[in-house]
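K.L.:
have a look at this prediction, sequence included:
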Protein chains: 2
Amino acid sequence: MMETVLEVSGMTCGHCKSAVEGAAKEVAGVSGAAADIEQGLATITHDESVNIADVKQSIEDQGYDVK
Amino acid sequence: MMETVLEVSGMTCGHCKSAVEGAAKEVAGVSGAAADIEQGLATITHDESVNIADVKQSIEDQGYDVK
């Protein structure tokens, strides 16, 4: 299991937090996601098989920018 | 059919807009709801039987302030 912290911009409210976390968890191999609105960060817990680019894409598909 | 415009504060994103509109439409007799994030307004279309206080309460239950 690994943890990757992504910078996510555009989260303004609790719904956004849920949307980002849900998008990350949709990717196979992601077991956890915790977004922090104030800091603009999302901590993703995942196994080694996960291509983090897929997680970024899933979050971006919800309308957020990910660094 | 009547239209009532409510001042709703706390909407920051599209999810908030959906939450406010959905909360209004949950009230029996409300046929339409259109929230404007920038202006902080929600235009409610409803029949005469609706107690607008119920609509306000439903929106407030989602975490927004309504005047």
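P.N.:
Looks like it arrived, so ask away. Numbers count the residues shown, from 1 in each chain, chains lettered A, B, ... in the order given.
K.L.:
hey, let's count contacts and neighbours off CA atoms from now on
P.N.:
Will do.
K.L.:
what residues are up against the most centrally placed residue in chain A?
P.N.:
Taking C-alpha atoms, centre = their mean, the centroid of chain A lies closest to residue A:24, which sits 4.4 Å from it. Residues near residue A:24 by C-alpha atoms under 8 Å, 6 or more residues apart in numbering or on different chains: A:30, A:32, A:33, A:44, A:55, A:56, A:58, A:59.
K.L.:
and the closest residue to residue A:27 other than its chain neighbours, how far is that from residue A:24?
P.N.:
Leaving aside its sequence neighbours, residue A:27 sits nearest to residue A:55 (C-alpha to C-alpha, 6 or more residues apart in numbering or on different chains; 6.3 Å). Note on residue A:55: its distance to residue A:24, by C-alpha to C-alpha, to the nearest Å, is 5 Å.
K.L.:
got the buried residues for stretch A:23-39?
P.N.:
Of all the residues in stretch A:23-39, those buried under the rule 16 or more other C-alpha atoms under 10 Å in any protein chain shown are A:23, A:24, A:25, A:27, A:29, A:30, A:33, A:34, A:35, A:36, A:37.
K.L.:
and the residues you listed, which two are furthest apart?
P.N.:
A:29 and A:37 (23.7 Å; C-alpha to C-alpha).
K.L.:
next SSE downstream of the longest helix anywhere in chain A?
P.N.:
Scanning chain A for the helix with the most residues, using DSSP state H, yields helix A:14-25. Remark: after helix A:14-25, the chain's next helix or strand is strand A:30-36, criterion DSSP states H and E.
K.L.:
relative to helix A:14-25, how tilted is that following strand?
P.N.:
Put simply, strand A:30-36 runs at 150 degrees to helix A:14-25, going by axes from the mean of the first three to the mean of the last three C-alpha atoms, to 10 degrees.
K.L.:
helix or strand for the residue nearest to residue A:27, just tell me which one.
P.N.:
Taking DSSP H and E as the definition, residue A:55 sits inside helix A:52-60.
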